[in-house]
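Asker: structure for this input, please:
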Amino acid sequence: MLIIHVLRWALIVAEALIALPVLYLCVLSLSALLATQRRKVAWIKDEDVPPTERARFVVLIPAHNEEKVLGKLLGSLASLDYPTDRYTVCVVADNCTDKTAEIARAIGWVQVYERFDTLKRGKGYALNWAFQQFEREQLDYDACVVLDADSIVAPTFLRAMEWELARGAQALQAYNGVLNSTNSPSTALRWIALALVNHVRPLGRNGLGSSATLTGNGMCLRHKLLQRFPWQAFALGEDYQYYLMLMLYGERVRYVPEAIVRSQMPVTFAQMRTQDVRWESAAENQPGWRTALDLVRAGLKNRDLVRFEAAAELLTPPLSLIVGWYGLTFLAAISLWWLPGMLFSLVLLVGLLIYSSAPLYLLKPPRAVYFSLVYAPGFIVWKLWVYFVLKRRKKYTGEWVRTSRIAS
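Answerer: Just a heads-up that it's a prediction; the model follows:
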């Protein structure tokens with residue numbers, strides 16, 4: 001009986017450890033739902049704003065061997081519902097060995113920068129180099145938008161960003177979604193995964209008065225902010241690194257769900273493996289407990305709950321880990337056949353369902369996304385394999401590895 005008693009207490013402790021992040025994610029889901037109900041965006045009409053007073057944007061596209069997909073992004077930028085003389089498109093062909101630079105130059109209205117540095121490789125270095133070029137050239141702009149080359153943007157993208165800049169925002173993040181969600185079960189499941197991380201959570205966090213994160217693709221930074229905090233983020237997760245630095249200094253990122261950018265997700269298993277390992281390796285290299293403690297200390301010093309919430313977000317495990325841990329506790333509760341443990345497990349399941357179903361309710365995806373849920377258990381097992389096995393291999397943690405693209 002003593003062993004059974006100890007095992008039951010161990011089960012309760014294990015379930016309590018899951019309950020904290022599940023409760024946090026449920027709060028964000030409910031906050032996102034309320035924020036959606038409250039958010040009524042009244043676009044600033046063109047005739048209400050003199051052309052010379054419209055915000056001036058630089059759209060920066062760091063591109064490494066993106067000849068297959070770059071044209072589609074540039075085509076969507078040409079169709080923006082925004083005065084063409086108020087935004088400049090700049091492509092940084094970073095260590096390219098294909099025709100990325102030539103394709104961009106052929107457009108005519110795109111400024112092309114070529115960078116070659118075999119030692120300082122990756123998106124973070126390309127951004128740092130580009131911002132330095134802008135300062136040397138004394139480029140006149142109010143804010144810079146960073147886009148991935150395999151994306152397309154909605155026509156109202158810059159108008160949505162301008163609307164939030166006019167309200168005083170310094171750092172913005174667009175809705176970074178999936179372009180090819182119906183191509184395969186993998187892309188459909190990625191739609192759900194990215195909608196959770198890139199829509200439900202930032203919308204919920206802003207609804208609580210906190211900060212969204214920067215996801216790299218679709219982030220917008222004021223020129224003055226970049227001058228105050230020059231880009232010095234070079235890790236695999238450079239966007240998240242820069243976001244945490246802003247949080248430590250009391251800045252906030254505002255999520256703009258009306259500014260929509262969508263990118264292509266891997267269709268084949270080989271492509272998916274490369275991207276998943278890179279994402280998880282980037283997450284592994286992100287600051288953890290030490291940065292969370294720094295955020296807590298800064299929150300105490302400045303009496304700022306936003307930094308406490310940022311620490312909670314930083315310490316929240318990936319959903320695959322939460323689900324995997326829940327599965328183990330559920331099996332333990334059934335094995336022990338203990339009613340309190342089984343009831344606790346049921347409550348946790350309800351919380352996970354609330355969070356995971358939030359994007360389906362808020363964004364109304366295509367049918368293919370619903371059908372893909374059949375493959376969700378296998379997808380979670382794959383993510384756990386990546387997390388615990390593949391990303392530990394040295395060849396995946398050294399530097400950024402480009403994901404193979406399909407033609408645009």
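
Asker: switch to C-alpha atoms for all contacts and neighbour counts from now on
Answerer: Fine.

Asker: run a quick neighbour tally on Q37.
Answerer: Look at Q37: counted by other C-alpha atoms under 10 Å, it has 9 neighbours.

Asker: look up how far V200 lies from it.
Answerer: Q37 is 13 Å from V200, where distance means C-alpha to C-alpha, to the nearest Å.

Asker: also A78?
Answerer: A78 is 29 Å from V200, by C-alpha to C-alpha.

Asker: what does G341 give?
Answerer: G341 is 29 Å from V200, where distance means C-alpha to C-alpha.

Asker: tell me what the longest strand along the chain is packed against?
Answerer: Criterion DSSP state E: the longest strand present in the chain is strand 253-263. Secondary-structure packing of strand 253-263 (3 or more C-alpha pairs under 8 Å, 6 or more residues apart in numbering; DSSP states H and E): strand 151-153, helix 157-166, strand 171-178, helix 201-207.

Asker: returning to what we had before: of A78 and V200, give the one with the bigger neighbour count.
Answerer: Neighbours were counted for A78 and for V200 using other C-alpha under 10 Å; V200 has more, 27 against 15.

Asker: tell me who's in contact with the residue lying closest to G209 once chain neighbours are set aside.
Answerer: Of all residues not flanking G209 in the chain, V306 sits nearest, at 7.4 Å (C-alpha to C-alpha, 6 or more residues apart in numbering). Counting by C-alpha atoms under 8 Å, 6 or more residues apart in numbering, V306 makes contact with G209, S210, S211, G299.

Asker: the second one is in contact with R252, isn't it?
Answerer: So the one you mean is S210. Yes - taking contacts as C-alpha atoms under 8 Å, S210 lies within contact range of R252: 7.3 Å.

Asker: what stretches of the stretch 301-408 of the chain score poorly on pLDDT?
Answerer: Along the stretch 301-408 of the chain, segments meeting pLDDT under 70 span 389-408.

Asker: again, 90 this time
Answerer: By pLDDT under 90, the weakly predicted segments of the stretch 301-408 of the chain are 335-341, 378-408.

Asker: check the gap between T100 and S151 for me.
Answerer: Relative to S151, T100 is positioned 15 Å away (C-alpha to C-alpha).

Asker: repeat that for S320.
Answerer: Look at S320 and S151: by C-alpha to C-alpha, they are 26 Å apart.

Asker: okay, those two: which has more neighbours?
Answerer: Per other C-alpha under 10 Å, whichever of S320 and S151 has more neighbours is S151, with 25 against 18.

Asker: tell me the contacts of the closest residue to the more buried one other than its chain neighbours?
Answerer: Spatial nearest neighbour of S151, excluding adjacent residues (C-alpha to C-alpha, 6+ apart): S263 at 4.0 Å. S263 sits next to D148, D150, S151, I152, N176, G177, V178, L179, N180 when contact means C-alpha under 8 Å, 6+ apart.

Asker: swap the cut-off to 6 Å and go again
Answerer: When contacts are counted by C-alpha atoms under 6 Å, 6 or more residues apart in numbering, S263 touches D150, S151, V178, L179.

Asker: biggest separation within the residues you listed, which pair?
Answerer: Largest separation among those by C-alpha to C-alpha: D150 and V178, giving 10.6 Å.

Asker: what number of residues lie near the residue nearest to T97 when sequence neighbours are not counted?
Answerer: Once flanking residues are discounted, T97 sits nearest to N65: 6.4 Å by C-alpha to C-alpha, 6+ apart. Residues near N65, counting by other C-alpha under 10 Å, number 20.
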